[in-house]
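Peer 1: Dropping the sequence and predicted coords here.
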Protein chains: 2
Amino acid sequence: MTVTCLPECGVARFLALLNGPWATLIVRELLPGPRRFTELREALPGISPHTLTSRLRQFETYGIVIRTTYPEIPPRVEYRLTAAGQRLREVLDAMAAWATSIPDPESHSVSSAATQNAADASTAHIG
Amino acid sequence: MTVTCLPECGVARFLALLNGPWATLIVRELLPGPRRFTELREALPGISPHTLTSRLRQFETYGIVIRTTYPEIPPRVEYRLTAAGQRLREVLDAMAAWATSIPDPESHSVSSAATQNAADASTAHIG
DNA sequence: CGGCATCCTCCGTGATACTG
DNA sequence: CAGTATCACGGAGGATGCCG
């Protein structure tokens, strides 16, 4: 599944632009306002500078994020969402609203319909 | 970034449940109504049965999808969204709405702010 | 038809070290 | 501070073959 250009389908387009586990989380951190490189790094426990740079550069290419360099000492770089990036707030909100409505996968009361070979989901956890 | 249980943050929870490029697309195909295995396969050009099974099983574990086996000849299996899964429609809609509002990344008229070291995004395409 | 088993590839990511 | 360079890993995903 290698995409050379953006797909037609909106959902697929979204996935092509915000791919990987970190992408969406970075956008989340940028929603409140501009952030510096280190601020993002500290706000995203576990992310490596390599990954952060990579995602940020991709967003820049897509026109989701604007990178602004202030020639100071010490150097300062700010990342801020473009208008297009800001519109992602609605999507993230929808994601969060849905996810918080999902109970931790423990009580899956599967109501049998046909031959529901109901594998005991009661013991299933997130591996 | 290995998650053993669902994160607190809604966005992160969402990403943990609908990870990978195919997951969301599968949900998209299930939104209109129940689908059979082969139907999903044909609706998702390029997906392998391995991946399709894997994602479907994960959704089942999460309580997003219900798998129903009809003991017929030939065998028939239907996948349908649970109530929780149906609520994903809003999220997918938000994704699609946003993505279709994003122009193909060619005209990024970056309006300089400070020292916008505007790397010529004009030649940048989606690799 | 609807899988599962096995092997292999790809790439997002992490760890570490180094630079302007 | 804000990266870049290099190496390595892991898990999603693909290819193929076999089974109920």
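Peer 2: Looks like it arrived, so ask away.
Peer 1: drop to CA atoms for contacts and neighbour counts, all remaining ones
Peer 2: Will do.
Peer 1: How about the residues of chain A by DNA strand C?
Peer 2: When proximity is defined as Cα under 7 Å from any atom of the strand, chain A approaches DNA strand C at A:2, A:19-23, A:46-51, A:54-55, A:74-75.
Peer 1: Pull out the buried members of these.
Peer 2: A:22, A:23, A:55 (16 or more other Cα atoms under 10 Å in any protein chain shown).
Peer 1: Near DNA strand D, list only the ones from the residues of chain A next to DNA strand C.
Peer 2: Applying Cα under 7 Å from any atom of the strand, the subset of the residues of chain A next to DNA strand C adjacent to DNA strand D comprises A:49, A:50, A:54, A:74, A:75.
Peer 1: quick revisit: which one of the buried ones among the residues of chain A next to DNA strand C is nearest residue B:9?
Peer 2: The closest of those to residue B:9 turns out to be residue A:22 (Cα to Cα; 13.2 Å).
Peer 1: Tell me where chain A has strands.
Peer 2: Here chain A has its strands, by DSSP state E, at A:35-36, A:65-70, A:76-81.
Peer 1: anything in the shortest one near chain B?
Peer 2: No. Applying Cα under 8 Å from any Cα of the partner chain, one finds strand A:35-36 separated from chain B by no less than 14.6 Å.
Peer 1: Is any residue of that strand near DNA strand D?
Peer 2: Yes. Using Cα under 7 Å from any atom of the strand, we find that strand A:35-36 touches DNA strand D at residue A:36.
Peer 1: mind checking which helix or strand of chain A has the lowest mean pLDDT?
Peer 2: Across the helices and strands of chain A, the lowest-confidence element by mean pLDDT, DSSP states H and E is helix A:10-17, at a mean of 92.
Peer 1: Now the residue nearest in space to the middle of chain A. Nearest residue, chain neighbours left out?
Peer 2: Here the mean C-alpha position of chain A is nearest to the C-alpha of residue A:24 (Cα atoms, centre = their mean), at a distance of 1.2 Å. What sits nearest to residue A:24 in space, not counting adjacent residues and going by Cα to Cα, 6 or more residues apart in numbering or on different chains, is residue A:18, at 6.1 Å.
Peer 1: residues near that neighbour, how many?
Peer 2: 19 (other Cα atoms under 10 Å in any protein chain shown).
Peer 1: what are the ranges of the helices in chain A?
Peer 2: In chain A, the helices defined using DSSP state H lie at A:10-17, A:21-30, A:37-43, A:49-62, A:83-86, A:88-100.
Peer 1: buried stuff in the fifth one?
Peer 2: Neighbour-count burial for helix A:83-86, counted by 16+ other Cα under 10 Å, picks out A:84, A:85, A:86.
Peer 1: how near is the first one to DNA strand D?
Peer 2: Okay, so that is residue A:84. 20 Å (Cα to the nearest atom of the strand, to the nearest Å).
Peer 1: so who does that residue touch?
Peer 2: The contact partners of residue A:84, by Cα atoms under 8 Å, 6 or more residues apart in numbering or on different chains, come to A:63, A:64, B:101, B:102.
Peer 1: where's the dip in pLDDT among these?
Peer 2: Among these, residue B:102 carries the lowest pLDDT, at 83.
Peer 1: from the strands of chain A, which stretch is densest packed?
Peer 2: strand A:65-70 (a mean of 21; mean count of other Cα atoms under 10 Å in any protein chain shown).
Peer 1: Mind listing the strands that one pairs with, and their directions?
Peer 2: Looking at strand A:65-70 with DSSP bridges, its partner strands are strand A:76-81 (antiparallel).
Peer 1: can you state the direction angle for the strand it pairs with and helix A:49-62?
Peer 2: Comparing the axes of strand A:76-81 and helix A:49-62 via axes from the mean of the first three to the mean of the last three Cα atoms, to 10 degrees yields an angle of 50 degrees.
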